[in-house]
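*Asks:* Show me the folded form of this:
(2 chains)
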2 protein chains.
Amino acid sequence: MMDFTKTKGQFYLPDGMIYLDGNSLGPLPIAATERVSQMMTAEWGEMLIGGWNKAGWMAKSTGLADRIGQLVGAPKGTMILGDTLSVKVYQALASALELRPNRRVILSDNGNFPSDLYIAQGLIASLGSDYELRVVDPEAVADAITDDVAVLMLTEVDYKTGRRHDMKALTTKAHAVGAIAMWDLAHSAGAVDVDLAGANADFAVGCTYKFLNGGPGAPAFIYVADRLIEEVRPAMSGWLGHQAPFDFDLEYHPHQKIDRMRVGTPPAIAMAALEAALEIWDGVSMAEVRAESIALADYYIDAVEALDLGLTTITPRNGGDRGSQVSFSHENAFAITQALIDAKVVGDFRAPIVLRFGITPLYIDRGDLDEAVSRLAEILTSGSWDQPQFHARSFVT
Amino acid sequence: MMDFTKTKGQFYLPDGMIYLDGNSLGPLPIAATERVSQMMTAEWGEMLIGGWNKAGWMAKSTGLADRIGQLVGAPKGTMILGDTLSVKVYQALASALELRPNRRVILSDNGNFPSDLYIAQGLIASLGSDYELRVVDPEAVADAITDDVAVLMLTEVDYKTGRRHDMKALTTKAHAVGAIAMWDLAHSAGAVDVDLAGANADFAVGCTYKFLNGGPGAPAFIYVADRLIEEVRPAMSGWLGHQAPFDFDLEYHPHQKIDRMRVGTPPAIAMAALEAALEIWDGVSMAEVRAESIALADYYIDAVEALDLGLTTITPRNGGDRGSQVSFSHENAFAITQALIDAKVVGDFRAPIVLRFGITPLYIDRGDLDEAVSRLAEILTSGSWDQPQFHARSFVT
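*Replies:* From the prediction side, this is the model:
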C-alpha cells in the first residue's frame, strides 16, 4: 500500500484549511514556485528566444502530455498539451465531425459540462443548420447511440453529481453504429483509472488544473487515437501544427503526428508549473490512487449520512460508478457552502442545490475528512449557515 | 524627451548580449519573476480556488487588456486577453465572416504571417468550398479591395520585411465596399503607434510576448469595435463567454460585452508575468517610443549600409512605413545569423534569406547598436560565418 503522506507533503495547504475543491483547482505543489522562478530567470532570462530549443519549451507540449498519458492510458505520442479545454473541445469536435461527413448528429447528455454543449452549439451555428446537437439524460445515452450519430461527445465524470460513464461500453456501442467517440476527461485525469487505448476512444480532451494540480489556467490536452491521427484534419490549423512551421510556407500541410493538433505558441511558464506538479506522480500508482479515493469517499459519505444532517447523497454509492468527488443536494446548498468555506472547509457549490467535495488521497486523508464532517455537522445542526453574509453571491464559488 | 535608461533598467539582459530579437520574444522584466512567485505562493497557495475572485484573476483578462488598449488606441472595454494569437485569429475571422453572410471572400496578402493564412484555409475547409482565401502582394491589397470581399484580414507589420500597412486608409477602403477589416497586431502592439479606434478597425488580434514582453506563450488579445460587439456571435462559444457562466445553463447566451470573446479558463500565472511587463509602460509615451524606435532603426540601417557589407536593406527606409524592426537580405542569412548569435548579437533568421533585428528603445540604445554593427562587420568581413556549425539547422531560430 502506497504511503500518501509522501504526496501530501509535496503540496502547500494553508494552515487549518481542509481543501476539498481540487476538482475545481488543485493546490500548489511546493516545488512549482521554485521551478517557475528557475524557468523565468535561468531560461527566459538567460536564453531568451533560445529557450524554445535549449530549454526544451517546444518539446514540453508533447513530453508533459506523455506523462499525463501514463495516467489515462494514452500511448506515447498520442497526446499534446495546449490551449484551454474549451478550445480543445472545439478542435476535437470539429475534427471528429469531418470523419463522418455524411452524418449530422452530435450526441451528448445533460450531465455534460455546459461549455462542451456551448462549443457544440457554436460550431453547429458555423457549420449550418442541418447539424443537430442531441442532448439526452445520462442514463439514456446508451440507447440513444443510433446509426445517425456522427460523434458521441461525453464527459466521463459528471461535474455536478460525480456519476461516471462506462467509457469502454459506450465507446464500443458508438463504434458498432459507426460513430466517433470523444471523451472529456476534465474530472477524470488524475482522479480515476482511465484507459483511453483500452477503451478504444477516438478523441479525448482534458484539463490539468484540477486533479493534476497544474495551476489556475494550466494548459489543456488533446488525445487522438494513433490509428486516426493521419486522417484527422485539425480544424484549427495553426502554424505550429504545420509539418515545417519554420519554412513559413503559405500553404498549410499538417504535421504527420499528434503535433498537428498544436495551434499557437505553447505557454512555457505555465508548463514549468505543470511539470513540477506532474513529478508528484512519479512512482505513484494510479490504481492505488483510485482505490484509496473510493475508500475515502465511502468513508466521507458514510460519516455524513450517519449524522442525518438533511443532506441527500447524489453521487453514486458504488465507487466504480463515480469519479473522485462526493456531491450532496440541499435546498440551501449555496449558503451552507459559504458557511463551510468560512469554517475553512473548502468545497464548492453548483447551481442550484449541489454541494461538491473533491476527494483525492494525494493530499486528503481520513483526519481531514473527520474534521470536515465535524465542521459540516456543526454548521448544519446549529443553523449557523443561515446568515446574510453566507447568502451573498460572488462570481466564482 | 523620455529617458529610456529607466525602462532599460527594468529588463534583465544577459551580460554582453545585444538582444535584437524582441520581435520574437521580449526579454524578462526583472519584476516579473518576483511577481509570479508572489502570485503562486500568496494567491494560488493561500487562496486556492478563491483566487479567481479575491486575487482578481478572472478580472485581469479585461484589466490587463485595457492597459494594452492604451498602447493600441482601443477604448476601455473593447479588448480581452486569452488563448493564443492563432486561436484569436480563428475566433475573429469566423465571427467576422458571419457579419457578411452573403460574401465569400477573405482578402489577405502574402506578407501576412503564415499562421493567419493557415487558420483561414482551415476555417474555409470547415465552412465549405464556396469560400475563397484571396492572397495578393502587399502592394496590391488596396486595389484588390472589391465589393465581393467579406473580410480584409491583414497583419499591419510584415513579420519578415517590417513593412507597415496603412491601417486607416485600408480600413476606410474596406468599409467603402462593405467589407469587415481585421488587423493582426503581432508586430505592432508596443512597437508602433496603433490607433484602432481612430482607424475604425472592426476586429484586431495580437500577442503579448513580443514588444509587450509578457513571456514565452503569454496570452493573446482580441479587440472588437464597440459598435459591433452586440451583433458578433463568438464562433468559439466557451462557457466563460456566457452571460452567466456560473448558472450552468445548458444553452449558450453570450455576454453582453467583450467578455463574450472569452473561451475557457484564463492563464492566471502567465497573466501575473504579463502584468509586471505592462507596468514598465506606466508613464511611457507610445509616441515617444515610436519616434525613438524610428531614430534607432535609421541609425542602425545607416551604419550597416555605410560599411557596404553585402547586406540589402529590405525594410522600408521611410520610418513611417515600417514597424520596429530592420531586415536585411543576404543569400547566407542563416549562417550569418547563427554566427551573430554566437557573437552574442541575437537577431533571427526568416527563410529563405532574411536577417531580422527587432529594435525597441525600451531596452536597446545607440551603444548596443554600435556594438551590434561592429560584431556584424567583423563576421562579414572576416567571413567567419562560413563554418559548418553555423550552417546547422535547429528547430527555432
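*Asks:* what residues are up against the residue nearest to residue A:159 when sequence neighbours are not counted?
*Replies:* Nearest residue to residue A:159, sequence neighbours excluded (C-beta to C-beta, 6 or more residues apart in numbering or on different chains): residue A:113, at 5.0 Å. (Glycine included, C-beta is placed from N, CA and C.) Contacts for residue A:113 (C-beta atoms under 8 Å, 6 or more residues apart in numbering or on different chains) come out as A:155, A:159, A:184, A:186, B:239.
*Asks:* Look at the closest residue to residue A:99 other than its chain neighbours and say how many residues are nearby.
*Replies:* Spatial nearest neighbour of residue A:99, excluding adjacent residues (C-beta to C-beta, 6+ apart): residue A:180 at 5.6 Å. Residues within reach of residue A:180, counting by other C-beta atoms under 10 Å in any protein chain shown, total 27.
*Asks:* again, but for the one 5 residues further on
*Replies:* Summarising burial for residue A:185: neighbours were counted as other C-beta under 10 Å, giving 30.
*Asks:* Residue A:77 and residue A:386, how far apart?
*Replies:* Here the distance between residue A:77 and residue A:386 works out to 55 Å (C-beta to C-beta, to the nearest Å).
*Asks:* now swap in residue A:105 and tell me
*Replies:* For residue A:105 relative to residue A:386 (C-beta to C-beta), the value is 47 Å.
*Asks:* These two: which has the busier surroundings?
*Replies:* Taking neighbours as other C-beta under 10 Å, residue A:105 and residue A:386 compare with residue A:105 leading, 19 against 13.
*Asks:* Report the beta-bridge partners for the more buried one.
*Replies:* Counting by DSSP bridges, residue A:105 forms beta bridges with residue A:132, residue A:149.
*Asks:* that older thread, which residues pair with the residue nearest to residue A:99 across the strands?
*Replies:* Bridge pairing for residue A:180 - DSSP bridges - gives residue A:151.
*Asks:* Report pLDDT for it.
*Replies:* We have a pLDDT of 98 for residue A:180.
*Asks:* Wait, it touches residue A:200, no?
*Replies:* No: the pair residue A:180 and residue A:200 fails to qualify as a contact (C-beta atoms under 8 Å) at a distance of 11.2 Å.
*Asks:* Before we move on, what's the pLDDT of the residue nearest to residue A:60 when sequence neighbours are not counted?
*Replies:* Using C-beta to C-beta, 6+ apart and skipping residues adjacent in sequence, the residue nearest residue A:60 is residue A:271, 4.8 Å away. pLDDT recorded at residue A:271 is 98.
*Asks:* Show me what whatever helix or strand residue A:271 lives in packs onto, helices and strands only.
*Replies:* Element membership for residue A:271 (DSSP states H and E) is helix A:268-279. Judged by 3 or more C-beta pairs under 8 Å, 6 or more residues apart in numbering or on different chains; DSSP states H and E, helix A:268-279 is in contact with helix A:30-38, helix A:57-72, helix B:268-279.
*Asks:* Run the chain-centre distance for it.
*Replies:* Mean-position distance between helix A:268-279 and its chain equals 16 Å (C-alpha atoms, centre = their mean, to the nearest Å).
*Asks:* what do you get for stretch A:155-162?
*Replies:* 10 Å.
*Asks:* you'd agree residue A:24 is in a strand?
*Replies:* No: under DSSP: H, G, I helix; E, B strand; the rest coil, residue A:24 falls outside any strand and is assigned coil.
*Asks:* ok, the most centrally placed residue in chain A to residue A:96 distance?
*Replies:* In chain A, the C-alpha nearest the mean C-alpha coordinate belongs to residue A:186, at 1.6 Å (C-alpha atoms, centre = their mean). Separation of residue A:186 from residue A:96 (C-beta to C-beta): 17 Å.
*Asks:* Since that was my last question, I'll sign off now.
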